[in-house]
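Participant: fold the following for me, if possible:
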Amino acid sequence: MTPFGAAVRKIRKERGITQKAMAKALGVSPAYLSALESGKRGKPGFDFLQRVAGYLHIIWDEADDLFRVAAISHPRVVVDTSGLPPEYTAFANRLSAEIRQLGPGTIRDMTELLTRTANSREKGG
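Facilitator: Presented below is the predicted three-dimensional model:
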């Protein structure tokens, strides 16, 4: 499941909406909506995101959050390490090979490290 799929499924279920009803209202097949929710389809386009936000009556802040998680929800990621030192390519390949064996705690730790690094970079550090 992708972050976008989890978010849409959560909101849809909280509001008591079936996949079939939501798919019909959005003009897509229930299979497509199911594939988005389960992570079998990549990140949705902007037009579709706007239709989802409108259909679910999502306010601005929630819509921004939904658009943000959609942006990080492609289930097949390509990491371009061309032009970087060899250890960067080795790291990307190792992560790709081992990501399924990493526990939730490790993923949280790595995410926090990336967030701290990004925040430090933004502050000029």
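
Participant: mind checking the longest helix of this protein?
Facilitator: Longest helix in the chain, counting residues (DSSP state H): helix 104-122.

Participant: chain center to that one, what's the gap?
Facilitator: From the chain centre to the centre of helix 104-122 is a distance of 16 Å (CA atoms, centre = their mean, to the nearest Å).

Participant: other residues contacting it?
Facilitator: Residues outside helix 104-122 that contact it (CB atoms under 8 Å, 6 or more residues apart in numbering): residue 102. The C-beta positions use only the backbone N, C-alpha and C, and glycine is treated the same way.

Participant: same thing but at 10 Å, please
Facilitator: 95, 98-99, 102-103, 125 (CB atoms under 10 Å, 6 or more residues apart in numbering).

Participant: and stretch 54-69, by the same measure?
Facilitator: Stretch 54-69 has contacts (CB under 10 Å, 6+ apart) with 2-8, 11-12, 14-15, 17, 21-22, 25-26, 43-44, 46, 49-50, 52-53.

Participant: can you rerun that using 6 Å?
Facilitator: 3-4, 7, 11, 25-26, 49, 53 (CB atoms under 6 Å, 6 or more residues apart in numbering).

Participant: narrow those to those that are buried.
Facilitator: The neighbour count (16 or more other CB atoms under 10 Å) marks 3-4, 7, 11, 26, 49, 53 as buried among the contacts of stretch 54-69.
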